[in-house]
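**Student:** give me a model of this one.
(one chain, ligands or ions: 1)
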Amino acid sequence: MFDIRLTGGKFQDNTFDVIIIGGGPAGLSAAIYSGRARLKTLLIESMAVGGQITLTEYIENYPGFEKPILGQELAEKMEKQARRFGVEIRYAEATSVSLKDDEKRVYLSGEGNGHLKSKVVMLALGTNPRKLGVPGEEEFTGRGVSYCAPCDAPLFKDKHVIVVGGGDTAVEESLFLTKFAKKVSIVHRRNKLRAIPILQERVANNPKIDFIFDSVVRKIRGDAKVESATIENLKDGKDEELKCDGVFIFVGLEPQTALVKNEVKCDEKGFIVTNEDMETNIKGVYAIGDVRVKSLRQVVTAVSDGAIAAMAAYKYVAEDTEFKSALQNLR
Ligand code: NAP
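**Tutor:** Numbering: from 1, shown residues only. The predicted model follows:
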């Protein structure tokens, strides 16, 4: 039987083959493949591993799980699997990077000029929820405005909440909110949801959910907390004041690229451009998961990115090592 000797832990020095920044499914998958390829691998995560999936209640479309699995549970399984292959996981924030040279550098918060060195850096930086950008949104964030149903839904027991957006996230989170709220009104700017059909069927059959189509939220009002929202009907241009206790905003994702946007090439929306090996415009720098330009943002595509990047990195590190030892022999 295969003998697993490596158990993960802390490496003695700060020089690595692969540093992965970000511990969502893409980063964890890259860590599993990289660790299994016996590359000296460090994964850096600023919060908790799992990324977006820890903010999702159940995942029902990840192959291999006949019944829906809790996002948190799936993340824990991936983390344990990565540690089993000797990957070190460090909880810290990467504050700056230097990627252009062969030896990449990653600086961590609280470590002054001290830095980590690596042949390869993988950017698994993920996304943040996009803001709606209306008056009251910022003021009432945490006081009725939210971007995460599993985090905040219990605060809205027997209340009326508005959900803004018509994509998979808005619809899934609306369904979750109905476990607590007495009514959920989905406000969408078109007359048709963007979410996949199975989710549309579920919301259509949920008696707690109603729809306000062809409409946008213009303002969020209240005193100490949210009390109403001004909703404009885009067809007739009329405003209506809708009483509500909360506004959940799910209008898409923004890439978290502040750390690297001056170094790697991004598209006009700020997502990192890669080739099919997940390599960016810089040799030895890969971008994986939701942060890169791609057509489908799912757990299954994130883990695929991680695997592809790790195998490309393995080849890159092997060629680099061979090249350097051949050079050594010539001297
Ligand atoms: P999304 O697919 O980009 O949808 C964003 C929604 O917000 C759209 O309905 C859009 O309207 C609306 N919107 C955008 N800007 C707006 C604005 N300024 N005012 C009002 N409405 C606005 O984003 P998402 O739902 O967060 O999903 C992101 C990705 O994650 C997708 O690839 C999705 O498939 C994936 N995802 C998958 C699952 C799953 O598989 N279970 C769950 C969640 C998310 P329009 O429709 O008019 O453009």
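**Student:** which residues of this protein score low on pLDDT?
**Tutor:** For the chain, applying pLDDT under 70 flags the ranges 1-9, 12, 112-113.
**Student:** list the contacts of the closest residue to Asp17 other than its chain neighbours.
**Tutor:** Nearest non-adjacent residue to Asp17, counting by Cβ to Cβ, 6 or more residues apart in numbering: Leu39, 4.0 Å away. Where you see a C-beta, it was placed from the backbone N, CA and C, and this is true even at glycine. If you count contacts by Cβ atoms under 8 Å, 6 or more residues apart in numbering, Leu39 has them with 17-18, 120, 310, 313-314, 317.
**Student:** run a quick neighbour tally on Ala124.
**Tutor:** 31 (other Cβ atoms under 10 Å).
**Student:** pretty sure it sits against Ser34.
**Tutor:** No - using Cβ atoms under 8 Å, Ala124 is not in contact with Ser34, being 11.6 Å away.
**Student:** shared neighbours, the two?
**Tutor:** Listed as contacting both Ala124 and Ser34 by Cβ under 8 Å, 6+ apart are Ile20.
**Student:** tell me the residues of the stretch 201-331 of the chain that contact the ligand?
**Tutor:** Within the stretch 201-331 of the chain, the positions near the ligand by Cβ under 6 Å from any ligand atom are 216, 250-253, 297-298.
**Student:** try it again with 8 Å
**Tutor:** 216-217, 250-253, 290, 296-299 (Cβ under 8 Å from any ligand atom).
**Student:** give me the buried entries from these.
**Tutor:** Taking 16 or more other Cβ atoms under 10 Å as the criterion, what is buried in those is 216-217, 250-251, 253, 290, 297, 299.
**Student:** sec struct for Asp305, please.
**Tutor:** Classification of Asp305 by DSSP: H, G, I helix; E, B strand; the rest coil places it in helix.
**Student:** going forward, begin numbering at 742 instead of 1
**Tutor:** Okay, using 742 as the starting number, the last item reads as Asp1046.
**Student:** picking that back up, among the buried ones among the residues of the stretch 942-1072 of the chain next to the ligand, which ones are in helices?
**Tutor:** The helices, defined by DSSP state H, take in Val1040 from those.
**Student:** and the buried ones among the residues of the stretch 942-1072 of the chain next to the ligand, which is closest to Leu916?
**Tutor:** Taking Cβ to Cβ as the measure, Leu916 lies nearest Phe991 of those, at 12.0 Å.
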